[in-house]
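Student: Task: produce atomic coordinates for the following.
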Amino acid sequence: MHGELQELGRAVKQAQYRQHRALDSALTAIGTTLAQWDALRAISRSPGASARELAAATFQTGQAFGTLVGRLAAQGLVERRPGHGRRIEHHLTPAGERVLTAGHKVADEVLADCFAALPDVDRATLLDLLRRLTTERDTYGGTA
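Tutor: Predicted coordinates for the structure are as follows:
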């Protein structure tokens, strides 16, 4: 039984790795990386969010996200504004919005290719299964 579960875990990781490599490579054509584009997506979904919230949303440490958002701000893609107390809020600039939009087009093309082997019904099933896994408690006792 453990061999089958390990094989399943590895297959998920291989699919993710392939997808990330393809996205990162394609996003370079618009002058960004997968990590940068993912940060822009997170900021777009939660304008005004703190670095801590955005780090969690992008699966990064606070320090890693801080470095990343510093680069995005230096490129004029993100604006950091004072919030309540010591909180710093994050917002996309018009240039950040343009990169995000271009990234969505790139991602749609790359992901269509990554999942081309699956008919629509299988993609919907896979999405449903993955959503169930990520909404259940993880194996370490926390929530996903």
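
Student: Just list the residues touching the nearest residue to Pro82 once chain neighbours are set aside, thanks.
Tutor: The spatial neighbour of Pro82 that comes closest, neighbours along the chain excluded (CB to CB, 6 or more residues apart in numbering), is Ile88 at 6.6 Å. Every C-beta, even on glycine, is put in place using the N, C-alpha and C of the backbone. Ile88 is in contact with 50-51, 80-82, counting by CB atoms under 8 Å, 6 or more residues apart in numbering.

Student: Tell me the secondary structure of Glu79, please.
Tutor: Judged by DSSP: H, G, I helix; E, B strand; the rest coil, the three-state class of Glu79 is strand.

Student: Quick one, grab the pLDDT at it.
Tutor: Note on Glu79: pLDDT of 96.

Student: Can you get me a residue count around the residue nearest to it when sequence neighbours are not counted?
Tutor: With sequence-adjacent residues excluded and distances taken as CB to CB, 6+ apart, Glu79 is closest to His91, at 4.9 Å. For His91, the neighbour count with other CB atoms under 10 Å is 14.

Student: Thr32 too?
Tutor: Using other CB under 10 Å, Thr32 is surrounded by 23 other residues.

Student: looking at this, it is in a strand?
Tutor: No. Per three-state DSSP, Thr32 lies outside any strand segment and is coil.

Student: if we can go back for a sec, quick one, which of the contacts of Ile88 are buried?
Tutor: For the contacts of Ile88, a neighbour count by 16 or more other CB atoms under 10 Å gives the buried set as 50-51.

Student: Fine, thanks again, bye for now.
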